[in-house]
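Undergrad: give me the fold of what follows.
(one chain, ligands or ions: 1)
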Amino acid sequence: MPTILGQNQYGKAENRVVKITRDGDTHHIKDLNVSVALSGDMDDVHYSGSNANVLPTDTTKNTVFAFAKEHGIESAEQFGIHLARHFVSSQEPIHRARIRIEEYAWERIATSEGNSKFIGADEVKHSFARKGMETRVSQITYDGENWEVISGLKDLTVMNSTNSEFWGYVKDKYTTLKEAYDRILATDVSARWRYNWTSDEQHMPNWEKSYEQARKHMLHAFAETYSLSLQQTLYQMGSRIINSRSEIDEIRFSLPNNHHFLVDLEPFGLKNDNEVYFAADRPYGLIEATVLRDGVEPKIPVDMTNL
Ligand SMILES: O=c1[nH]c(=O)c2[nH]c(=O)[nH]c2[nH]1
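TA: Below you'll find the predicted structure:
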């Protein structure tokens, strides 16, 4: 044989598993990206195509999701140890398992007012923002006379682990979506808001405070809205800002609907009680709209991605 097989490994990469643990109405999230790589007696499959030693990569994916239910996710390390031990000890031909895990950190959306039935002391029990992801953006335009200031943010990832439904939609012969009465609502907020300040340089808005307040109102509205659609949540987020910040007249959102699908664990004899989700990255719904102070002209471009 003129060639020989060198190092090899296989498995399912990037299994996006989200586990919600419900402690009464306080929820906890574990959000992992788990990649499995197995190696062992795999000469035959490469040389002759015999799959006799091959545990399918699809099975390694199922194992990740089933283990999230069966063993929980105490820590990424503990979860990885369980998985690696399982593959090596249950499959004779597999001698080595490498589990790589990225963990995405979430923090609770803090609120101050305590003004809603969904709000605890100072944290919402089921609303989270991904740590350290967002970027603040601004665009300043001046023609020698007038200013236009548009500010905003992108990649602010938020999640409600309950208080979201989606049903009553149009159904045609291609509709397969099941109505949802308790789903995860997650999005990466991209928002741009326009200030009505145009010329009086003695009376500029306080940009820092305004940004901080707009962001806060947006997050509170996200957390406090019992959502029947992402469109409804979007409108609530926008109108909360317009109603609380007189210096802002217009806000435009681009909100991907980051789908979380409940994993079917029945084939493994496990019940999935809204605990283990597959976080899909694409395709995603994309919900976009402008919210305006009544009577003002919209000026933020429909396609604001370059803004
Ligand atoms: O909040 C939603 N809005 C939609 O328009 C939509 N469409 C869909 O399939 N799921 C959802 N969710």
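Undergrad: right, is stretch 184-193 up against the ligand?
TA: No - contact of stretch 184-193 with the ligand is not found when judged by CB under 6 Å from any ligand atom; the minimum separation is 7.3 Å. Just so you know, the C-beta spots here come from the backbone N, C-alpha and C atoms, and that holds for glycine as well.
Undergrad: Q139 is in what secondary structure piece?
TA: Using DSSP states H and E, the secondary-structure element containing Q139 is strand 135-142.
Undergrad: quick check: buried residues in the helix or strand following that strand?
TA: As assigned by DSSP H and E, the chain's next helix or strand after strand 135-142 is strand 147-160. For strand 147-160, burial by neighbour count (16 or more other CB atoms under 10 Å) applies to E148, V149, I150, S151, G152, L153, K154, L156, T157, V158, M159, N160.
Undergrad: closest to R183 out of those?
TA: Taking CB to CB as the measure, R183 lies nearest N160 of these, at 9.1 Å.
Undergrad: distance of V17 from L230?
TA: In this structure, V17 and L230 are 23 Å apart, going by CB to CB, to the nearest Å.
Undergrad: please apply the same query to L255.
TA: 6 Å.
Undergrad: can you check which residues contact both of these two?
TA: Listed contacts common to L255 and L230 are T187, I287; contacts here mean CB atoms under 8 Å, 6 or more residues apart in numbering.
Undergrad: who's more crowded, these two?
TA: More neighbours surround L255 than the other of L255 and L230, with 25 against 21 (other CB atoms under 10 Å).
Undergrad: surely that one is in a strand?
TA: Yes - residue assignment for L255, taken from DSSP: H, G, I helix; E, B strand; the rest coil, places it within a strand.
Undergrad: beta partners for it?
TA: L255 has these beta-bridge partners by DSSP bridges: I287.
Undergrad: for the strand holding Q139, which positions count as buried?
TA: Along strand 135-142, these residues count as buried under the neighbour rule (16+ other CB under 10 Å): V137.
Undergrad: now that strand: average pLDDT?
TA: pLDDT averaged over strand 135-142 equals 94, rounded to a whole number.
Undergrad: going by distance to the ligand, which of the buried residues of strand 147-160 wins?
TA: When those are ranked by distance to the ligand (CB to the nearest ligand atom), N160 comes first, at 11.6 Å.
Undergrad: so the closest one makes contact with I109?
TA: No - using CB atoms under 8 Å, N160 makes no contact with I109, being 9.1 Å away.
Undergrad: overlap in contacts, these two.
TA: With contacts defined as CB under 8 Å, 6+ apart, the residues adjacent to both N160 and I109 are S127, F128, F222, A223.
Undergrad: buried among these? Need that as a selection in ChimeraX.
TA: Restricted to buried positions by 16+ other CB under 10 Å, the ChimeraX selection for these reads:
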select :127,128,222,223
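Undergrad: biggest separation within the shared contacts of N160 and I109, which pair?
TA: With distances taken as CB to CB, the most widely separated pair in the shared contacts of N160 and I109 is F128 and F222, at 10.2 Å.
Undergrad: name the residues contacting each of those two.
TA: For the pair F128 and F222, residues contacting each of them under the criterion CB under 8 Å, 6+ apart are I109, V158, N160.
Undergrad: in stretch 200-207, what counts as buried?
TA: For stretch 200-207, the buried set under the neighbour-count rule, 16+ other CB under 10 Å, comprises P205.
Undergrad: which residues touch that stretch?
TA: Where contact means CB under 8 Å, 6+ apart, the residues beyond stretch 200-207 that reach it are V149, S151, Y195, W197, E247.
Undergrad: now those as a markdown table including distance to the ligand and pLDDT?
TA: Compiled in a markdown table, those are given as follows (distance: CB to the nearest ligand atom, whole Å; pLDDT from 0 to 100):
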| residue | distance to the ligand | pLDDT |
| --- | --- | --- |
| V149 | 31 | 96 |
| S151 | 26 | 96 |
| Y195 | 29 | 98 |
| W197 | 34 | 98 |
| E247 | 30 | 98 |
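Undergrad: dump the buried residues of strand 147-160 into a markdown table; add distance to K209 as well.
TA: Formatted as a markdown table, the buried residues of strand 147-160 follow (distance: CB to CB, whole Å):
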| residue | distance to K209 |
| --- | --- |
| E148 | 20 |
| V149 | 14 |
| I150 | 17 |
| S151 | 12 |
| G152 | 16 |
| L153 | 15 |
| K154 | 21 |
| L156 | 18 |
| T157 | 24 |
| V158 | 22 |
| M159 | 27 |
| N160 | 27 |
